[in-house]
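Q: Model the following, please.
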Amino acid sequence: MPTFWRWFGVGSGGVPGFRRLLNVWLLLHLLIGSVAATLINTELHELAQDALLPLLAILVGLTFSWAGNAHALMQSEEIVEYAKKKAGGMPDYVFTFQLCILINVVTICLWAIPTLNIPYPLSSAEVQSVLDWASKAMLFALTSLAIRTGWHAVLGANMLLLMRVGR
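A: Numbering: from 1, shown residues only. Purely as a prediction, here's the structure:
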């Protein structure tokens, strides 16, 4: 029985799951994160409380609703037969949706950390400024990744529907 973590590390006959994250798109997400961290001067904990946690809640809702549609489609005979012909088989489809949900959960958990107002262990204002910028950049990059993977969950469900109906 294939597991998510085995699929993520080595794949199930196709491309390993981590390759869906470590690709050329990662550079775009890092660029978006860096630009957003530079342009947005609001405190990180204020951003987390006021804007981004609600946005991420919407992303999770959309992802779960589309994942339900995708799971229903993946149980159809047409999709099962199609998946058997692909190198990664059905695990590639199932675990790709699970990866999207994992990215959303990790993003939400990391955005929740600034709301805790944990004091910095370092007293240097210069170091604190660099850490604030790096934290913002990482969180915005993760948010960009979450949006992209959420969009791909919707796209994946739609493609499964088109494959099923197209036969």
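Q: mind checking the longest helix of the protein?
A: Counting by DSSP state H, the longest helix found in the chain is helix 125-165.
Q: Torsion angles phi and psi at Pro2?
A: phi -70, psi 150 (degrees, to the nearest 10).
Q: Provide the secondary structure category for Ile118.
A: coil (DSSP: H, G, I helix; E, B strand; the rest coil).
Q: Number of residues surrounding it?
A: 9 (other CB atoms under 10 Å). The C-beta positions use only the backbone N, C-alpha and C, and glycine is treated the same way.
Q: For Trp66, see how far away it is.
A: Distance from Ile118 to Trp66, counting by CB to CB, to the nearest Å: 34 Å.
Q: For stretch 26-38, what is the distance to the chain centroid?
A: 15 Å (CA atoms, centre = their mean, to the nearest Å).
Q: Could you tell me which residues within it count as buried?
A: Judged by neighbour count (16 or more other CB atoms under 10 Å), stretch 26-38 contains these buried residues: His29, Leu30, Ile32, Gly33, Ser34, Ala36, Ala37.
Q: Redo those as JSON lines? Include secondary structure.
A: Formatted as JSON lines, the buried residues of stretch 26-38 follow (three-state DSSP):
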{"residue": "His29", "secondary structure": "helix"}
{"residue": "Leu30", "secondary structure": "helix"}
{"residue": "Ile32", "secondary structure": "helix"}
{"residue": "Gly33", "secondary structure": "helix"}
{"residue": "Ser34", "secondary structure": "helix"}
{"residue": "Ala36", "secondary structure": "helix"}
{"residue": "Ala37", "secondary structure": "helix"}
